[in-house]
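> Following is a predicted model, sequence given first.
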Protein chains: 2
Amino acid sequence: MTARKPVRYNPSRPSPDDALIGPPRTPNTVGPTITDVAREAGVSAATVSRILNGRHHGDPAIRDRVQATALALGYVPHGGARSLVTRRNGALGVLLPNLFGEFWVEFLRGIDDTSRERGIHLLATSSHADPVQLRNAAAAMRGRVDGYLIVAPGNRADDVITMLAQTAPVVVVGIDARASGAPSLMIDNAAGARAVAEHAMSRGFRHLAMITGPETNGDAIARRDAFRAAIACAGDDVTLTEFVGDFSQDSGWSAAHTMLAHPRRFEFCFACNDSMAIGAMSAFRDAGIRVPESLAIAGFDDVPMARYLTPALTTVHVPIEELGRRAMSMLISSVVKGAPAKPTVQLITTTLIVRGSTVMESKGPS
Amino acid sequence: MTARKPVRYNPSRPSPDDALIGPPRTPNTVGPTITDVAREAGVSAATVSRILNGRHHGDPAIRDRVQATALALGYVPHGGARSLVTRRNGALGVLLPNLFGEFWVEFLRGIDDTSRERGIHLLATSSHADPVQLRNAAAAMRGRVDGYLIVAPGNRADDVITMLAQTAPVVVVGIDARASGAPSLMIDNAAGARAVAEHAMSRGFRHLAMITGPETNGDAIARRDAFRAAIACAGDDVTLTEFVGDFSQDSGWSAAHTMLAHPRRFEFCFACNDSMAIGAMSAFRDAGIRVPESLAIAGFDDVPMARYLTPALTTVHVPIEELGRRAMSMLISSVVKGAPAKPTVQLITTTLIVRGSTVMESKGPS
DNA sequence: CTGGGGTGGGCAAACGTTTTCTCGGGACCG
DNA sequence: CGGTCCCGAGAAAACGTTTGCCCACCCCAG
């Protein structure tokens, strides 16, 4: 008896031994085939195929009979066989980074809605922080998807994207992938970060802190750099001190504690995403620091939760769901056209939403 | 020219015209085939197949040569062709309800991690509130997945589940599907709700409010009923007033406003999930009501955010990620065994986590 | 009435893979 | 030295679907 090899993580192999589980060779568990329908309806399989795909132009009586038979038998075409001959899968691969926080639900909703409207399946997987994992995940999807939506890849993933983009349509969210030949959607992080900086200045804050995001995340870097640059233009009496985070609530909490131990008394804190802002606010609360009176704080993303915090969070609104929606639309039209889209960069505009965490206010959810 | 039929939503059809998009008949865009590898390595396709699947027991030199060739060519087996002959897809279907709130990120992480560990793909889709949508989504996945994970189906989805469970392994999360022949994982909502009730009593609260969840959600119903029952046992001097919500933050906010307009002065509010609790807390804050001094509030789920709220939210801890993990494990082992698992019900235990929204406290994230 | 054109539908090939069967060769034992 | 057995690898069938090609039939016109 030759037992199956245990599935192991081995990036050097072209990953052929993935994913096939279950008892070998269980005959026909899959349901009726097109041949069954054809026999039952007294026509050929070709006719059934043409009718069910709307390519039939003949006798309406036959059409109705075949459709009725298919319905009665509960026939559903076998996707694998179909994609084998048509060379199209009707599915798209979605490669996400680590799943943490409300941001991703919003984003997933956008892409799921769009793909569902178009009758397209989604093969999704997450946790592809490093290029090797990304390559493996993409390889595993090969032959099952018609295109890839790559979200927030690390900044060393260029060659993987290049390789992928040569074989299938690819849309990248979060970094500029023009060099890899793939169109990109990017949040206008710079504008958002600048808006936060200007807001802070206009309120007269002089000693600013920033909680940065993970080094591997393009959005995090862009926000940090733009904020730095904006502050640098401000004048010598304005200081900026940076604390490292990783986009998680916990890291925001820790960064806030480090911040409190710092000799300088900060007046304003910019967290590079909302999750960290939430963690930091919690730490400030525990330390007895009043927000915004003693320390104002702003985030980035405007997750739904932001307006419900106490105080409500000033943040940069990102149309997260629309971002997903547009990325998916772009990918779909690229697949439909059969050619990769022009490797352009679309910028998703952001808007500063001022709430109670930077100014005193009293009213409900805006 | 016979244009393709536009994709339309038509539940009465066996949904054959789904999901195939793109230019018809683009020849070999998919990459090298097993035949290419075989020719290049000077062996037969059968040998390549055996080697790459670890079923080869012959000459190691051949094995190395074939593996090297496959790697060099970047060969990845065509999933469709493979599943056609093996009758296994290496993919599982995940059917989710509407995607809102942090709960689902946690859950998705659990199932994604588990499936990725096993090298299994995930076909996911959401928004199958009503049985028809559920049936359609499941039908579209047929022939592409080896089993289904159905999460929080509406309470009228029994026959759909029954049908599905006859053709493939199914695991249901959120309702008792024993009658449909599928094993279920359920949160111990009753114990959690009782714990909240007891906590409220022990703090001496007499006038209680509850914000209920959607009628179509099994968890929501179970929490409501258990809370009702626990309060009913309490004695005549304890009152319970119910306000309707739908698990969204907005609905919690609205329910809280209705609550404030109620003549009775409530001392304790139980929101049937954390999202609504967050919305309600925000409304209370806006109304100038101090939590917990004037009104205590508790939620359910213990999403990561809960501990970071101001005040931190007393809630019933649900091991969400583990729930996803266990559901996926159960489904996988059912698929591996090739037989549906025993239609049992596994109860996921819950724990009350007392934080600042019901008692005065001062320390950081617990 | 007959021939031709148009059309409806069947036949068969092809997609890429796994797996059974079969064949050939080498080694070991008698 | 010869026969038998075992092992390794190739040939080929099969999976379920789509689609190009061709045949046959029907209808209409000459």
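Perfect, I can see it now. Residues are numbered from 1 along each chain as shown, chains lettered A, B, ... in the order given.
> Tell me the confidence at the residue in the stretch 201-350 of chain A positioned nearest to DNA strand C?
Closest approach between the stretch 201-350 of chain A and DNA strand C, counting by CB to the nearest atom of the strand: A:Gly338, at 16.4 Å. In this view, the C-beta of every residue, glycine as well, is placed from N, C-alpha and C. The model reports A:Gly338 with a pLDDT of 76.
> swap in the one 5 residues further on?
On pLDDT, A:Pro343 comes in at 91.
> Just give the nearest non-adjacent residue to it, would you?
Nearest residue to A:Pro343, sequence neighbours excluded (CB to CB, 6 or more residues apart in numbering or on different chains): A:Arg178, at 4.5 Å.
> Skipping its backbone neighbours, what lies nearest A:Glu198 in space?
Once flanking residues are discounted, A:Glu198 sits nearest to A:Ala230: 7.0 Å by CB to CB, 6+ apart.
> So that neighbour sits against A:Gly192, correct?
No: between A:Ala230 and A:Gly192 there is no contact under CB atoms under 8 Å: 10.7 Å.
> between these two, who's got more neighbours?
A:Gly192 (28 against 20; other CB atoms under 10 Å in any protein chain shown).
> List the buried residues for the helix or strand hosting the more buried one?
Using DSSP states H and E, A:Gly192 maps to helix A:189-202. Within helix A:189-202, the residues that count as buried by 16 or more other CB atoms under 10 Å in any protein chain shown are A:Asn189, A:Ala190, A:Ala191, A:Gly192, A:Ala193, A:Arg194, A:Ala195, A:Val196, A:Ala197, A:His199, A:Ala200, A:Met201.
> Convert the C-alpha atoms of that helix to CSV, please.
Extracted in CSV, the C-alpha atoms of helix A:189-202 (Å, rounded to 0.1, in the frame of the first residue of the first chain):
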residue,chain,number,x,y,z
ASN,A,189,-2.3,57.8,1.5
ALA,A,190,-0.2,60.9,0.9
ALA,A,191,-3.2,63.2,0.7
GLY,A,192,-4.8,61.6,3.7
ALA,A,193,-1.7,61.9,5.8
ARG,A,194,-1.2,65.5,4.7
ALA,A,195,-4.7,66.3,5.7
VAL,A,196,-4.1,64.9,9.1
ALA,A,197,-0.9,66.9,9.4
GLU,A,198,-2.7,70.1,8.3
HIS,A,199,-5.5,69.4,10.7
ALA,A,200,-3.0,69.0,13.6
MET,A,201,-1.3,72.2,12.7
SER,A,202,-4.5,74.2,12.4
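> That helix - what's its average pLDDT?
Helix A:189-202 carries an average pLDDT of 97.
> what packs against the next helix or strand after it?
Next in sequence after helix A:189-202, counting helices and strands by DSSP H and E, comes strand A:207-212. Counting contacts by 3 or more CB pairs under 8 Å, 6 or more residues apart in numbering or on different chains; DSSP states H and E, strand A:207-212 is packed against helix A:218-232, strand A:239-244, helix A:249-261, strand A:268-271, helix A:274-286.
> deepest of the ones you listed, which one?
When those are scored by mean count of other CB atoms under 10 Å in any protein chain shown, the highest mean neighbour count falls to strand A:268-271 (a mean of 30).
> Which elements pack onto that strand?
Contacts defined by 3+ CB pairs under 8 Å, 6+ apart place strand A:268-271 against helix A:189-202, strand A:207-212, helix A:249-261, helix A:274-286, strand A:296-301.
> A:Asn189 - nearest residue in space that isn't next to it in sequence?
Using CB to CB, 6+ apart and skipping residues adjacent in sequence, the residue nearest A:Asn189 is A:Ala222, 3.7 Å away.
> isn't that neighbour right up against A:Ala191?
No: at 10.1 Å, A:Ala222 and A:Ala191 do not qualify as touching, with contact defined as CB under 8 Å.
> Would stretch A:121-138 count as contacting chain B?
Yes: interface with chain B: stretch A:121-138 contributes A:His121, A:Leu122, A:Leu123, A:Ala124, A:Thr125, A:Ser126, A:Ser127 (CB under 8 Å from any CB of the partner chain).
> need the helices for chain A, in chain order.
Under the criterion DSSP state H, helices of chain A are mapped to A:34-41, A:45-52, A:60-73, A:79-86, A:102-117, A:131-141, A:158-167, A:189-202, A:218-232, A:249-261, A:274-286, A:320-337.
> and the ones you listed as JSON lines, adding distance to B:Pro214?
As requested, these are arranged in JSON lines below (distance: least, CB to CB, whole Å):
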{"stretch": "helix A:34-41", "distance to B:Pro214": "39"}
{"stretch": "helix A:45-52", "distance to B:Pro214": "36"}
{"stretch": "helix A:60-73", "distance to B:Pro214": "32"}
{"stretch": "helix A:79-86", "distance to B:Pro214": "33"}
{"stretch": "helix A:102-117", "distance to B:Pro214": "17"}
{"stretch": "helix A:131-141", "distance to B:Pro214": "34"}
{"stretch": "helix A:158-167", "distance to B:Pro214": "40"}
{"stretch": "helix A:189-202", "distance to B:Pro214": "35"}
{"stretch": "helix A:218-232", "distance to B:Pro214": "34"}
{"stretch": "helix A:249-261", "distance to B:Pro214": "27"}
{"stretch": "helix A:274-286", "distance to B:Pro214": "26"}
{"stretch": "helix A:320-337", "distance to B:Pro214": "21"}
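> Which one of the ones you listed lies nearest to A:Glu242?
helix A:218-232 (7.4 Å; CB to CB).
> From the contact counts, what lies against that closest one?
Packed against helix A:218-232 by the contact rule (3+ CB pairs under 8 Å, 6+ apart) you find strand A:184-187, helix A:189-202, strand A:207-212, strand A:239-244.
> could those be laid out in JSON lines, adding distance to A:Ser329?
Shown next, in JSON lines, are the helices and strands packed on helix A:218-232 (distance: least, CB to CB, whole Å):
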{"stretch": "strand A:184-187", "distance to A:Ser329": "10"}
{"stretch": "helix A:189-202", "distance to A:Ser329": "22"}
{"stretch": "strand A:207-212", "distance to A:Ser329": "32"}
{"stretch": "strand A:239-244", "distance to A:Ser329": "36"}
